[in-house]
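1. Quick one, fold the following:
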Amino acid sequence: MKVIESLLAQLPQALAEKLPDVKLQDQDIRVTLAQEGLTRDNILPPKLSLADFTLSFDGAVEATVRNFNSPGDVDENGVVGEPAAANAPASDGSRPQLLLGGNTGWMRYQATARIKSAGSTGSLPFVSGQGKSEVFATLSDYRAHPLTRNMREAAKEDLSHPRLLVLSTDLTKLGPGDAVAWQVRGTLEAGLELNWADLFTTNLANLAFVRTSELIELKTALDAKVGARVSLTDDYQLVFSRPAASRIQLAVRKAKSREATLGAGLNLQVELADAEAVRKRLGEVLTAITGQAEAKVEELVDKALDKVLSAEEQAQLRTILERLGLDPQLVLLDHLKQEWEQLKQKVSSALDTLVKARVAASFQYEYLRVSESSTLLEVELDEATALRFHGSLLRGSLVDLLAWLREPANAGSYTLRNYLNTSSATLQSTVGFTLGLGSFEVLKARSTRKQTWVNQENFQGARRQAFLGQRAYEDSFLGHRGRWVVDFRADMETFTLAPTAPDFRLGLHMLLWGQKKKLSKQELREAVDDAVVWGVLDANDAATVLTKLDAHVGKSDVETQLELKVSDDMLRELLPRLQGFDVKLFSRALARAMPWSEQTARVSPEFRKLVYAPIWESYLNEVLDKGSFLSGDLSPTRAAQIAQWFIERDATVKPLASDLLLREKTWNGTGGKFTFAEVTQANSGTLGKCRRFVEGLVRLRRSIDERRSGEELRAVHGDLEGMWNTGFHLRAAGALLAEVAKATPRGLGGIERTFTVRIASSQEQLVFSTAWGPSSTT
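-> So this is what the prediction gives:
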């Protein structure tokens, strides 16, 4: 360090002379100097050779000296700023580490350098992306001083002991209230620890390898973990500050992008920390695919080769082969073993791909929703720990630090304030893989609604945007399944000068969550019925699932989770099929969503469709005929009359619903939620919500076709969300999407659908889904 100080010996006096001879509190300054002039005059050396890096001060940019002395001052780096409002969420914007408003101000010294590794095998700070041999970094040193301090004298003192952050000893020189920062474009690495079970809570289709209409059931342990390392290229800021003696606060933030190529993306890569751990779970997946334990299939294959299969075993093997879409006559062929080994290899490869793709997509989803200058990671540590991880952090790797944060033994020695908008270093949740849908913390509240734009801008003025449209609610209409989240996704991976709707990737994710409790048989039936309504299970598979879960009724805490996820490509396939209000289509969806009960008319979605679709169609048409001057509803008495007419006179409805006639035709205003009249009153404005939902999809398609501004997506979300602001309408929305998906080339198989059950007593998770194809019907 003495060598560095000698090379920069002229810097303190040269810069101090350019500063006003006044107190820090007296004047706002911004002194700008061409770095080329500083190197020409030997004030800055052309290069500084350090142990691991060489710094070359770039003559094409400028160095600056600034002061911050009062509220209202704006630090473009976000390190100095005003305290956040008491009620502001931690994820909303940047959280400065140095706070204005007291008796302290700051001098900031900033320069840009080209950084090159000193050795051929060395790693650059924020590991350079695309194999570059050097990166550009902006170095910023913040020195705290009393507001009464003379700025010229402060600069002489500060610059006589420079801090470049490349040496860990620079951290020990931070005084209370000081900070040092790097801003650089490169590759950031983050380590994730995920629940294995959470990786399959939205889709089993990519692992199916089975013919249409087969039930897929995956069983796994709730506490099984899988580690992954994610790396992506972007612009970051690494900040160390000292909030108190012997403590260091670390923050890693997004920064304004220096990306010069507009089409470049995040270049996100995923590496599994323990690939063998994934392979060890192959048996669970093979069991889900074949419908038999892997060991049992192995036994049957070996016996088939030895021609010692009993008649019962021949039937079992034939069933497995038919399930996989293979010729049952293979049991007589010598290459059966080869076919089985090839299948295992295909499943293993698909499993590896699925896990990596899920981690990558989910991490990117969450990352794109962290706004520019907001923190990716913020934690306060003791100084010794900060010094320990200084080197890896400087190289852009958060992996080792995050692993240390997850160790239970270290829990009391740090304060984690933020990691990707969460307060945990482990990105998971008790209700599923948090990253796939944003934070499930929203489920802790009775009702939340978010509409948020996130913008990141590069130096060309191009933008990369993400929209978060999320609604969560707790609705007593759905009983124990009454908590839900719906997320409308719209985000961009690349920078564009003038973002338009076609530049966004779109998606819709619905989750219906059953709170953890001992379920009654009826509550379990209702939860499984939800899965049939959304096309996750067919009726026959629903009966199988109920049988499997019956042993846990009333005996163990059981948590259910139903998910339906429409990806970008599938949503674009659905759009042309929902460009006008089809009263029959919506009537069928609303009918399927009617509450379950043991009466014939309510016992299955199919029977509910037969009984209540004509009732809903008559109701909606009557509202339409009345005109828009109405509020959008008929009186409950009139609704009861419509239901009564169909039950008494319709040839299809009458035999199925006659035992409900007395209940349906009587409106007593008690506030129930069972009869048709009660449902219409408890879920008001149904026609308006359905029509506005279609208007939102029409607006979305036009926005894409006509390349309208991305801001139009906010209005699209506003139109759509009425279809999920009550539990009943949410069920109907899922039923609607499922029915429309059947008419697409991929059928229901194009929508990710799972029904997940977590069992507390055995610490197991069961994930169910019926494999659907284009020709599937329910």
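
2. helices or strands next to the top strand by length along the chain in the packing?
-> Using DSSP state E, we find that the single longest strand of the chain is strand 225-244. Using 3 or more C-beta pairs under 8 Å, 6 or more residues apart in numbering; DSSP states H and E as the contact test, the elements touching strand 225-244 are strand 179-195, strand 247-254, strand 269-272, helix 275-280, helix 336-368, helix 383-394. For every residue, glycine as well, the C-beta is placed using N, CA and C.

3. can I get these in TSV with distance to residue 577 and mean neighbour count?
-> Formatted as TSV, the helices and strands packed on strand 225-244 follow (distance: least, C-beta to C-beta, whole Å; neighbours: other C-beta atoms under 10 Å):
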stretch	distance to residue 577	mean neighbour count
strand 179-195	35	23
strand 247-254	38	23
strand 269-272	34	16
helix 275-280	38	14
helix 336-368	25	17
helix 383-394	50	18
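
4. which stretch in these has the least confidence?
-> Mean pLDDT across the helices and strands packed on strand 225-244 is lowest at helix 275-280; the value there is a mean of 77.

5. and it, what does it pack onto?
-> Applying 3+ C-beta pairs under 8 Å, 6+ apart, one finds that helix 275-280 contacts strand 225-244, helix 336-368.

6. ok now it, how far from the chain's centre?
-> 24 Å (C-alpha atoms, centre = their mean, to the nearest Å).

7. So which residues make contact with it?
-> 225, 226, 227, 272, 348, 351, 352, 355 (C-beta atoms under 8 Å, 6 or more residues apart in numbering).

8. burial count for the closest residue in space to the second one that isn't next to it in sequence?
-> Taking C-beta to C-beta, 6 or more residues apart in numbering as the measure, residue 226 lies nearest to residue 196, with 4.9 Å between them; neighbours along the chain are not counted. Here the count is done by other C-beta atoms under 10 Å, and residue 196 has 20 residues near it.

9. For residue 196, give its distance to residue 283.
-> 13 Å (C-beta to C-beta, to the nearest Å).

10. Residue 28: what secondary structure?
-> coil (DSSP: H, G, I helix; E, B strand; the rest coil).

11. end-to-end on stretch 590-606?
-> One end of stretch 590-606 sits 12 Å from the other (C-alpha to C-alpha, to the nearest Å).

12. ok, back up a step: note down every partner strand of the longest strand of the chain and its orientation.
-> strand 179-195 (antiparallel), strand 247-254 (antiparallel), strand 269-272 (antiparallel) (DSSP bridges).

13. what is the mean pLDDT for that strand?
-> 86.

14. do the same with stretch 157-171
-> pLDDT averaged over stretch 157-171 gives 82.

15. Counting neighbours, which bits of that stretch end up buried?
-> 158, 159, 162, 163, 164, 165, 166, 167, 170, 171 (16 or more other C-beta atoms under 10 Å).

16. circling back to that earlier point, grab the two from the contacts of helix 275-280 that are most spread out in space.
-> 225 and 348 (19.4 Å; C-beta to C-beta).

17. how about the strands in the stretch 551-700 of the chain?
-> Remark: strands assigned in the stretch 551-700 of the chain by DSSP state E, counting those that start in this stretch are 557-566.

18. is it true that residue 728 touches residue 681?
-> No: using C-beta atoms under 8 Å, residue 728 is not in contact with residue 681, being 11.2 Å away.

19. Which residue, other than its chain neighbours, is closest to residue 410?
-> Nearest to residue 410 is residue 404, by C-beta to C-beta, 6+ apart, at 5.8 Å.

20. from the chain's centre, how far out does the one helix or strand that neighbour maps to sit?
-> Element membership for residue 404, per DSSP states H and E: helix 399-406. Distance, stretch centre to chain centre, for helix 399-406: 21 Å (C-alpha atoms, centre = their mean).

21. now it against strand 225-244, angle please.
-> 90 degrees (axes from the mean of the first three to the mean of the last three C-alpha atoms, to 10 degrees).

22. which residues does the residue nearest to residue 397 when sequence neighbours are not counted bridge with?
-> Once flanking residues are discounted, residue 397 sits nearest to residue 189: 4.3 Å by C-beta to C-beta, 6+ apart. Residue 189 forms beta bridges with residue 231, residue 397, as assigned by DSSP bridges.

23. now swap in residue 63 and tell me
-> Counting by DSSP bridges, the residues bridging with residue 63 are residue 33.

24. didn't it look like it was pressed against residue 37?
-> No: between residue 63 and residue 37 there is no contact under C-beta under 8 Å: 9.5 Å.

25. ok, the two, which is more surrounded?
-> residue 63 (24 against 13).
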